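Here is a sequence with its predicted model. Questions after.
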Amino acid sequence: MDKDYMTIGELAKKMKTTVRTLQFYDQKGLLIPSMQSDGKRRLYTYQDMVQLHQIQSLKSLGFSLDEIKNQLEVLDTPEKVEKALSHQALLIQEKIQQLTKTLSDIKTLKEEVIQMQSVNFKTYADIIVNLQMNNENYWVIKYFDEQTLDYLRRRFNKDSGLSFIEKFTQISQKVLELKNQGVDPLDERVQVLAKQFWQMVEEFTNGDMSMLPQLMKFNELDDQHEWAQQQNQVNAYLQPALGLYFQKAGIQLGDE
């Protein structure tokens, strides 16, 4: 047999796979041997070997055999080989990023489980959902009681939750900018933000002011997270502005 050809057994050994797998790929039209011997034995070339490497790489990334078949190209020119390898490298890089994110989420969830010192799978699930949303303030969840968490699960979905977080973050950042500029809390610009801030509270609670005591507890957070420290500054700075806004709007919160 010509030295440039490999039997199915030789190719399987070189590529650390099985003869049965290569036979299956042949049946699926995924990797057809370049020729057959007089005895009808499958014979493969080094080009087939490179294509098998493509198949194995794409399969390891989670692609189905049908998806892989649609992505394979005939590697008959240097340009096509370069294009195929570039595409393969891009897919692998994307997979690395996904796996890195998944590993980070697992480590983060592990840390939260240790801190909580209790088994609560509903809260675990909430943390996982927020990690998938790339919500950096996922850790806040563990400070909510079960009643508030149940409310939030009903009140927000992924899209509305992300939208709320984005709007709230923007308002808080504007408040901090005015604070850092030394603007008086009773300034009209702060009053505008105080109104927007309160509207966010009303949106969050859906008008149920009985939730305020639970939310007020966040003013007492002794947490090292940057968000907690910044939010404490926002709340303290806005307090006079909110008081004036409530007075003008005729809003009474009772003892709260």
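Good, I have the coordinates.

per-residue pLDDT, residue 55?
Looking at residue 55, its pLDDT is 90.

Next, count neighbours for it.
Using other C-beta atoms under 10 Å, residue 55 is surrounded by 21 other residues. C-betas here are computed from N, CA, C, even on glycine.

Over to residue 156?
Neighbour count of residue 156, defined by other C-beta under 10 Å: 15.

Quick one: the helices in the stretch 51-200 of the chain, in order.
65-71, 78-116, 121-132, 146-155, 158-180, 188-205 (DSSP state H, counting those that start in this stretch).

mind putting those helices in TSV, mean pLDDT, mean neighbour count and distance to residue 22 included?
Listed next are the helices of the stretch 51-200 of the chain as TSV, based on pLDDT from 0 to 100; neighbours: other C-beta atoms under 10 Å; distance: least, C-beta to C-beta, whole Å:
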stretch	mean pLDDT	mean neighbour count	distance to residue 22
helix 65-71	82	14	13
helix 78-116	76	12	20
helix 121-132	63	16	38
helix 146-155	78	14	50
helix 158-180	87	15	43
helix 188-205	89	16	59
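
For residue 6, find the nearest of those helices.
Taking C-beta to C-beta, helix 78-116 is the member of the helices of the stretch 51-200 of the chain nearest to residue 6, at 19.2 Å.

Skipping its backbone neighbours, what lies nearest residue 63 in space?
residue 71 (7.4 Å; C-beta to C-beta, 6 or more residues apart in numbering).

Contacts only, for that neighbour.
58, 63, 87 (C-beta atoms under 8 Å, 6 or more residues apart in numbering).

just to revisit the earlier point, can you add distance to residue 4 and give the helices of the stretch 51-200 of the chain back as TSV?
What follows is those, written out as TSV (distance: least, C-beta to C-beta, whole Å):
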stretch	distance to residue 4
helix 65-71	25
helix 78-116	18
helix 121-132	50
helix 146-155	63
helix 158-180	55
helix 188-205	70
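
what's the closest of these to residue 247?
helix 188-205 (11.1 Å).

Contacts for the closest one next, please.
Under the criterion C-beta under 8 Å, 6+ apart, residues 155, 164, 167-168, 171, 174-175, 178, 183-184, 211-212, 215, 234, 237-238, 241-242, 244-245, 251 lie in contact with helix 188-205.

Just the CA trace of that helix, in CSV.
Output of helix 188-205 as CSV, limited to C-alpha atoms (Å, rounded to 0.1, in the frame of the first residue of the first chain):
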residue,chain,number,x,y,z
GLU,A,188,-33.0,71.7,41.6
ARG,A,189,-30.8,69.2,39.8
VAL,A,190,-30.8,67.0,42.8
GLN,A,191,-34.5,67.4,43.2
VAL,A,192,-35.0,66.1,39.7
LEU,A,193,-33.0,63.0,40.4
ALA,A,194,-34.7,62.5,43.8
LYS,A,195,-38.0,62.4,42.0
GLN,A,196,-36.6,59.8,39.5
PHE,A,197,-35.2,57.8,42.3
TRP,A,198,-38.5,57.7,44.1
GLN,A,199,-40.3,56.7,40.9
MET,A,200,-37.8,53.8,40.7
VAL,A,201,-38.7,52.8,44.2
GLU,A,202,-42.4,52.9,43.3
GLU,A,203,-41.7,50.8,40.2
PHE,A,204,-39.7,48.3,42.2
THR,A,205,-42.5,47.9,44.8
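
can you tell me how far the residue nearest to residue 63 sits from residue 98?
18 Å (C-beta to C-beta, to the nearest Å).

So residue 178 is in contact with residue 187, correct?
Yes - using C-beta atoms under 8 Å, residue 178 makes contact with residue 187 at a distance of 7.3 Å.

what is in contact with the two at once?
Contacts common to residue 178 and residue 187, judged by C-beta under 8 Å, 6+ apart, are absent.

ok, residue 78 - contacts?
Counted by C-beta under 8 Å, 6+ apart, residue 78 has zero contacts.

now do residue 12
Residue 12 touches 18-19, 21-22, counting by C-beta under 8 Å, 6+ apart.
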